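In: Pasting a predicted model and its sequence here:
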Amino acid sequence: MSEPRPRGFAADRDASLPLTPVSSVVRLRTAVCLLGRFPALAGLDLDLDAGGVVLLSGPNGAGKTTLLRLLAGLLPLHSGEATVLGADLGVDRRSHRRRLALVGHDTFCYDDLTVRENLRFSARAAGRDAAAADAAMARLGLEPIADVVHARLSAGQRRRLALAVALGRDPELLLLDEPHAGLDAEGREVLDALLRDARAEGRTVLVASHELDRTRALADREVVVRGGRAYPVEAA
């Protein structure tokens, strides 16, 4: 049985262009992304199929964060090919954003809004309703602080809120940059459960992490980023 098409996949395209497989969520070919004049990605190839968790490992400065930001449409593609959720990033960096979520070092939440208000605002911006926001709040264990403003949250609480904001958008592609950082033991267990449930929920997760032992146990495969290029790790 063939795999289902990702939601929102663009069926109409120029027949002369290479066909992206219907199960493909990410397809990069010789992708170059510049930070200033520096090639943070230097001809990177990557394929992600729908569903499951992929670990991005590699040293600091290898290009992991740049890769996540490129996929999220926050950085421009300098050269090469990049297709994410059917969108050609060389042409359009915005149309796919409602269908993904990025959790990085910033929460991008409003300091004067409460946990509940931030969640509902973000969910609404992604075309979701209050129920989706409230369900994400409950899943991340944030109900006891639902009426606390963002400015008064601890670092760990902010990290949980950022994860809940992402989950409330119901993303097909979830991009996580060092997601365990700043979380207490309970928060880490909650995050691990989200990663374990990703495939069953039809979600593709790309996780950049230095906590290799913990994240490898949750990932379906691993890709090493080094010198702005990606090297798949062969399964043992």
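Out: Sure, I can see it.
In: pLDDT weak spots in the chain?
Out: Residues of the chain meeting the criterion pLDDT under 70: 1-22, 236.
In: what residue is smack in the middle of it?
Out: Centrality entry for the chain: nearest residue to the mean C-alpha point is residue 175, 1.2 Å, by C-alpha atoms, centre = their mean.
In: count of neighbours near residue 83?
Out: 21 (other C-beta atoms under 10 Å). Heads up, the C-betas are built off the backbone N, CA and C, glycines and all.
In: my read: the residue nearest to the centre of the chain touches residue 103, true?
Out: Yes. Using C-beta atoms under 8 Å, residue 175 makes contact with residue 103 at a distance of 7.1 Å.
In: so who does residue 66 touch?
Out: By C-beta atoms under 8 Å, 6 or more residues apart in numbering, the residues touching residue 66 are 33, 35, 40-41, 75, 228.
In: Show me how to select, in PyMOL, the buried members of those.
Out: Selection of the buried residues among the contacts of residue 66 in PyMOL, burial being defined by 16 or more other C-beta atoms under 10 Å:
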select buried, resi 33+40+41+75+228
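In: Report the two of the contacts of residue 66 separated the most.
Out: Farthest apart among the contacts of residue 66 by C-beta to C-beta are 75 and 228. That separation is 12.8 Å.
In: how far is the longest helix seen in the chain from where the chain is centred?
Out: Criterion DSSP state H: the longest helix present in the chain is helix 155-168. For helix 155-168, the separation from the chain centroid amounts to 13 Å (computed by C-alpha atoms, centre = their mean, to the nearest Å).
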